[in-house]
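> this one's structure only:
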């Protein structure tokens, strides 16, 4: 009888330990969900910031071209049309560059499931495959470029810095936008 009572007490203690582990697991899950939601909000804000930067750059270029167009008021219609075409071309290039960055962010975010701005380096090959337009080196070299410290983590900022020039048109677009 004493052994049975001790067995019941041990079982009750074990049940209580399991309940406590479940509560802790639920709390951990809730913490992770809150963290994920906060990271998703941060990622959405970063994407919105990229779009705002693109729009601001396009607006600035429009202002610069309008100023130059005012300077050309005494010029011929064909010269004004040329300025307008150049303005439109530059605005399209700024939009194209922002679209490339948005495409990179979307691909990166697929593997950044927690939204914390970094991914495991094991995803580099799949990530490169998700960006077929990019002229990427072999996966091993790309992984070394993206993770030079060998931490097995790829950080978003490093990814953007390394990958943007590998897009066939991005480097040219960035140079033109900077020159304007």
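The structure has been received and is ready for your questions. Small disclaimer: the values here were computed from a predicted structure and weren't measured. Numbers count the residues shown, from 1 in each chain.

> Just the mean pLDDT for stretch 95-103, thanks.
Stretch 95-103 carries an average pLDDT of 85.

> which residues touch that stretch?
47, 50-51, 53-54, 58, 131, 160, 164, 167, 169-170, 173-174, 177 (Cβ atoms under 8 Å, 6 or more residues apart in numbering). C-beta: built from backbone N, CA, C; applies to glycine.

> and those residues, which two are the farthest apart?
Greatest spatial distance among the contacts of stretch 95-103 (Cβ to Cβ): 58 and 131, at 24.1 Å.

> What residues of stretch 115-123 count as buried?
Of the residues in stretch 115-123, 115, 117, 118, 119, 121, 123 count as buried by neighbour count, 16 or more other Cβ atoms under 10 Å.

> Out of those residues, flag the one nearest to residue 155.
The nearest member of the buried residues of stretch 115-123 to residue 155, counting by Cβ to Cβ, is residue 118 at 4.8 Å.

> Need phi/psi at that closest one.
Reported as degrees, to the nearest 10, the phi and psi values for residue 118 are phi -150, psi 160.

> Show me the contact partners of stretch 129-136.
103, 104, 107, 110, 128, 142, 163, 166, 167, 168.

> Do me a favour and get the end-to-end distance for it?
9 Å (Cα to Cα, to the nearest Å).

> buried set for that stretch?
130, 131, 134, 136.

> what is the rounded mean pLDDT of that stretch?
88.

> sorry, back to before: columns distance to residue 13 and secondary structure on top of the buried residues of stretch 129-136, output as TSV?
Output for the buried residues of stretch 129-136, formatted as TSV (distance: Cβ to Cβ, whole Å; DSSP: H, G, I helix; E, B strand; the rest coil):
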residue	distance to residue 13	secondary structure
130	51	coil
131	55	coil
134	58	coil
136	57	coil
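
> for this protein, what spans make up the strands?
118-120, 153-155 (DSSP state E).

> mind checking which of those is nearest residue 16?
strand 118-120 (37.2 Å).

> Can you tell me what sits against that closest one?
Contacts with strand 118-120, where a contact means Cβ under 8 Å, 6+ apart, come from 108, 111, 112, 127, 152, 153, 154, 155, 156.
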